[in-house]
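Novice: Just need the structure, nothing else, for what follows:
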Amino acid sequence: MRVLIVAVGRMKAGPERDLVARYLDRAVASGKPLGLADFSVIELGEARASSADARKTEEARAIRSAIPEKSVIIALDERGKSIASEDFATRVADWRDGGKPTLTLLIGGADGLAAELRQSADLVISFSAMTWPHQLVRIMAAEQLYRATTILSGHPYHRGD
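Specialist: Below you'll find the predicted structure:
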């Protein structure tokens, strides 16, 4: 199963981009024996429309065009469900075992994701009720993807109960 992060906004070179790359490189290495591959990021430009609704609509169009067919979609949104890392890993494994070809995590722009994207997602996850900058959300998503591979492989990186 291919794993993608589709994110609105471009990260500049620096420690945040390096950290995302480090976690995704680790996920590639530990995910390969598990049937999880191509952990990568698709960056989309932020919309320039004058209103938040128009920006979200424009960004939703770009996001939709970047999502591969038959993909499982996880929307990252502050209104989403909070789940434990073990539960996240189990869901990833279930989707993989169910023959889903791609898992796509969505990260919206400064105004968030359009309601249509949240409503059509297979799962809406929140890392917190707080609002986070997309750079930090991208880091947290990459880390959780890596953590999921370590949980599924029994690697000691994750020290859950």
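Novice: pull the CA atoms of stretch 130-148 into PDB?
Specialist: The C-alpha atoms that make up stretch 130-148 are tabulated as PDB, following Å, rounded to 0.1, in the frame of the first residue of the first chain:
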ATOM      1  CA  MET A 130      -5.900  23.200  19.200                       C
ATOM      2  CA  THR A 131      -5.000  24.700  15.800                       C
ATOM      3  CA  TRP A 132      -1.500  23.800  14.600                       C
ATOM      4  CA  PRO A 133       0.500  25.300  11.800                       C
ATOM      5  CA  HIS A 134       0.600  23.000   8.700                       C
ATOM      6  CA  GLN A 135       4.400  22.500   9.100                       C
ATOM      7  CA  LEU A 136       3.900  21.000  12.600                       C
ATOM      8  CA  VAL A 137       0.900  18.900  11.500                       C
ATOM      9  CA  ARG A 138       3.000  17.500   8.700                       C
ATOM     10  CA  ILE A 139       5.800  16.600  11.200                       C
ATOM     11  CA  MET A 140       3.300  14.900  13.500                       C
ATOM     12  CA  ALA A 141       1.700  13.000  10.600                       C
ATOM     13  CA  ALA A 142       5.100  11.800   9.400                       C
ATOM     14  CA  GLU A 143       6.000  10.700  12.900                       C
ATOM     15  CA  GLN A 144       2.700   8.800  13.400                       C
ATOM     16  CA  LEU A 145       3.200   7.000  10.100                       C
ATOM     17  CA  TYR A 146       6.600   6.000  11.100                       C
ATOM     18  CA  ARG A 147       5.300   5.000  14.600                       C
ATOM     19  CA  ALA A 148       2.600   2.900  12.900                       C
END
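Novice: buried sites along it?
Specialist: Taking 16 or more other CB atoms under 10 Å as the neighbour-count basis, stretch 130-148 is seen to contain the buried residues 132, 134-135, 137-148. Backbone N, C-alpha and C define where each C-beta goes, glycine included.
Novice: cool, and stretch 10-22?
Specialist: Taking 16+ other CB under 10 Å as the basis for neighbour counts, the residues of stretch 10-22 that come out buried are Met11, Glu16, Arg17, Leu19, Val20.
Novice: Met11 is in contact with the last one, correct?
Specialist: Yes: with contacts defined as CB atoms under 8 Å, Val20 counts as touching Met11 at a distance of 7.0 Å.
Novice: tell me, what's touching these two both at once?
Specialist: Between them, Val20 and Met11 share the neighbouring residues Arg138, with contact defined by CB atoms under 8 Å, 6 or more residues apart in numbering.
Novice: Got the phi and psi for Ile63?
Specialist: Phi and psi for Ile63, reported as degrees, to the nearest 10, are phi -60, psi -50.
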